[in-house]
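J.: Fold the following.
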Amino acid sequence: MANSLPHQSENPTARRAIAGWLAAGVIAASFALSVTTDVVLRYRLGRFQISGNIYRVMDQMFDSASDGRGLFLHFINFNSSDEARTRALGVYLRATYRLYPQRILATDSGVRVSTGQQMLDANFDPDSGWLLQHGMDRELTMGWEPSSEGIDYSVQSVGPGK
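T.: Numbers count the residues shown, from 1 in each chain. Just a heads-up that it's a prediction; the model follows:
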């Protein structure tokens, strides 16, 4: 049969080349995934509505964000109004209540905070080294949008082997 395809055993060079490329792809993907998981283990996005039983919703968010080693709260755009500052302080206080005895930070541990404004002024986005140095590996970032009825959030976990 002149039009039939060659049998696989008739072309071992092509099979070896394909197998080599597949093996290289598997190794590259494995390396990329292992490097990525060492730096960022999980990244989740969500939104909770500011209505109804907000404490139940926030408690679920805190429970899923924390791994028992504490949590850093990063606030975005909460300095835009008195209402936003009050909500930020309420979120911080609820997190400390819900996750006690875990350590909850929203500023550097050496900063003294007496008001929501002071907390927001000292709030920052920590890098993975800062988090690990302070004994935690989770960051909960929350964003306030004044025109919406909710708060957007994301959870990041950092650190090798986590």
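
J.: now the strands for the chain?
T.: 40-49, 71-76, 104-105, 138-144, 150-158 (DSSP state E).

J.: Of all those, which one is nearest Arg16?
T.: strand 40-49 (36.8 Å; Cβ to Cβ). From N, CA and C alone the C-beta is placed, and that goes for glycine too.

J.: Give me the mean pLDDT for that closest one.
T.: Mean pLDDT, computed over strand 40-49, is 45.

J.: Pull the number of nearby residues for Leu140.
T.: For Leu140, the tally of surrounding residues (other Cβ atoms under 10 Å) stands at 23.

J.: For it, give the beta-bridge partners.
T.: Leu140 has these beta-bridge partners by DSSP bridges: Leu73, Val155.

J.: Helices of the chain, residue ranges please.
T.: 12-39, 54-65, 82-99, 116-122, 128-133 (DSSP state H).

J.: in this protein, which ranges drop under the pLDDT threshold?
T.: Regions of the chain meeting the criterion pLDDT under 70 cover residues 1-12, 19, 22-53, 148-149, 159-162.

J.: try it again with 50
T.: 1, 5, 31-44, 161-162 (pLDDT under 50).

J.: Kindly reformat the helices of the chain as a markdown table containing distance to Leu73.
T.: Shown next, in a markdown table, are those (distance: least, Cβ to Cβ, whole Å):
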| stretch | distance to Leu73 |
| --- | --- |
| helix 12-39 | 21 |
| helix 54-65 | 9 |
| helix 82-99 | 6 |
| helix 116-122 | 9 |
| helix 128-133 | 12 |
